[in-house]
Every structure is written in C-alpha cells, then in structure tokens.
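Novice: Coordinates for the following, if possible.
(chains A, B and C)
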Amino acid sequence: MNMPSGLPHPGLVAAAAHHGAAAAAAAAAAGQVAAASAAAAVVGAAGLASICDSDTDPRELEAFAERFKQRRIKLGVTQADVGSALANLKIPGVGSLSQSTICRFESLTLSHNNMIALKPILQAWLEEAEGAQREKMNKPELFNGGEKKRKRTSIAAPEKRSLEAYFAVQPRPSSEKIAAIAEKLDLKKNVVRVWFCNQRQKQKRMKFSATY
DNA sequence: ATGCATGAGCA
DNA sequence: GCTCATGCATA
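Specialist: Next comes the predicted model:
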C-alpha cells in the first residue's frame, strides 16, 4: 500500500543521536540499580529489611508516574512540552524525548527498565520546572519546512485478528512462517515481521507484565 | 493515546 | 534477525 523504506532524513539522524544519549542514560541508571540492589542485599543480611530498592519497585514507579502527570498538568505543561524541555535540562547524555514517550511513561506502557531509566530524568525536570514556575514560558517554534512524510501502514481488523491468532500459538515464527502468513494475509513480509516484533514488545510493557 | 516503524547493539 | 528504546503519523 506504500513503501515504508527508511529514508535518511535529518529527523532520523537527530533521532539516532537521541538514541545514543538515552542508551547512555539507561546504562547509567542500570548501574544505579545494581548498586542499589547490592546495598539492599547487604542491609538485608545485616538484619534490617529496607526499602532501598524503591527505585525499581513497580508500585513506586506507578505512584511516581501518577504524581508526575498530576504535577505536570498542574504546571500547565503538555507531554510534548516536557519532551522538548528535557534538552534544556543539560543533563549529560540526555536530549529531548517525544510526546509519545512521555505519554507512555505516564501510562506505564514502557518496559520496566525503560521506566526506571526515565524516572530520574523526569523527576529532575519536574523539580526544575516547579522551582522556576514563576518564569515565563518560551516557546520558540523552530521547525523546518518540508521533507517527505512517512506513511503508516494500516493492517485491517480481519488480518489483525489472524495475526493475533498466529501469535497465540507461535509468538516467534520463523522466517518461513512469516512468509507464509504474509502471503495468506496478503501483507508484506516485513510488515508481518515488524508486527510480531511489536507484539512481543507490547507483552513486555509494565501494564501487561505479569511480573507483579 | 496508540499503531507501525527505525536504528543501534548483540549474537 | 532479534530486542529495546524511541518516534512519526494518525485515529
């Protein structure tokens, strides 16, 4: 129905840079997590059970996400605003994020690890924003005009139901299976492959995770 | 708010 | 070729 091939646009390049930055932040966060766990283990062995791992506690994350959203709204700031404002925070290795990501953080539709990595960053932004609440909002619209727009494939309901049925019995079909499914549903093989990837990723999101 | 997609990194 | 973090486009 369209040609979703990746075109090297400035936007994508910028996105790639952000990916690297976020990855670094995630790695740093992971380090903190490991340290926290170790500390908790030591404390536990010492005798007193503590809540040092609160940063990884799904309940704490959920509570924070909720508080974050309420306070963000109280500040009269949109999800998109938060995303771009993060860059102004000047945290090493942390750039801007999209409205999508902020939305997903608030609704816990990110992986547990992703939530843990983003929490300190958003927390920093929140404190900063509330601290400087009396300043005036600057909203410089620096947008370019016109690269080709990406088109989004739309999988019809019947096909989607079939894919879900296949996924139920085999979440990780081989290339051959994917090719067969693609042909039966008259979809591009790559579309089917990506659909399965996204479906698996969806299963791992906090909201659907059975790990708690 | 969410569907389909990209790209880095790993095996 | 997958996972994972992330985003554009759109309902």
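
Novice: Distance check, the closest residue to A:Ser209 other than its chain neighbours against DNA strand B.
Specialist: Leaving aside its sequence neighbours, A:Ser209 sits nearest to A:His112 (C-beta to C-beta, 6 or more residues apart in numbering; 6.7 Å). Placement of C-beta: from N, CA and C, glycine included. From A:His112 across to DNA strand B, the span is 17 Å (C-beta to the nearest atom of the strand, to the nearest Å).

Novice: same question, A:Ala157
Specialist: 9 Å.

Novice: For that residue, give its distance to DNA strand C.
Specialist: 11 Å.

Novice: Stretch A:66-82 and DNA strand C, any residue contact?
Specialist: No - applying C-beta under 7 Å from any atom of the strand, one finds stretch A:66-82 separated from DNA strand C by no less than 8.8 Å.

Novice: Let's test this: mean pLDDT of that stretch, rounded?
Specialist: Taken as a whole, stretch A:66-82 has a mean pLDDT of 97.

Novice: Need the nearest residue in space to A:Leu187, chain neighbours excluded.
Specialist: With C-beta to C-beta, 6+ apart, the residue lying closest to A:Leu187 is A:Glu159, at 6.3 Å.

Novice: how about that neighbour, phi and psi?
Specialist: Note on A:Glu159: its backbone torsions stand at phi -60, psi -40 [degrees, to the nearest 10].

Novice: wouldn't it be in contact with A:Lys188 here?
Specialist: No - A:Glu159 is beyond contact range of A:Lys188, at 11.7 Å (criterion: C-beta atoms under 8 Å).

Novice: between the two, who's got more neighbours?
Specialist: Set side by side, A:Glu159 and A:Lys188 show more neighbours around A:Glu159, with 18 against 15, by other C-beta atoms under 10 Å.

Novice: What ranges in chain A fall below the confidence cut-off?
Specialist: Residue ranges of chain A with pLDDT under 70: A:1-53, A:134-148, A:210-212.

Novice: tell me the domain ranges of it?
Specialist: Chain A is divided into the following domains under the TED database: A:58-138, A:157-209.

Novice: thinking again about what came up before, what's the neighbour count on the residue nearest to A:Ser209?
Specialist: 17.

Novice: show me the contacts for it.
Specialist: Remark: with contacts taken as C-beta atoms under 8 Å, 6 or more residues apart in numbering, A:His112 is in contact with A:56, A:58, A:61, A:206, A:209, A:211.

Novice: Kindly provide the distance from it to A:Ile91.
Specialist: 22 Å (C-beta to C-beta, to the nearest Å).

Novice: now swap in A:Phe64 and tell me
Specialist: Distance from A:Phe64 to A:Ile91, by C-beta to C-beta: 18 Å.

Novice: Compare neighbour counts for these two and give me the winner.
Specialist: Neighbours were counted for A:Phe64 and for A:Ile91 using other C-beta under 10 Å; A:Phe64 has more, 20 against 16.

Novice: Could you pull out the helices in chain A for me?
Specialist: Using DSSP state H, the helices of chain A run over A:10-46, A:58-74, A:79-85, A:99-106, A:112-131, A:157-169, A:175-185, A:189-203.

Novice: Of all the ones you listed, which one is nearest A:Arg150?
Specialist: Of all the helices of chain A, helix A:10-46 sits nearest to A:Arg150, with 9.1 Å by C-beta to C-beta.
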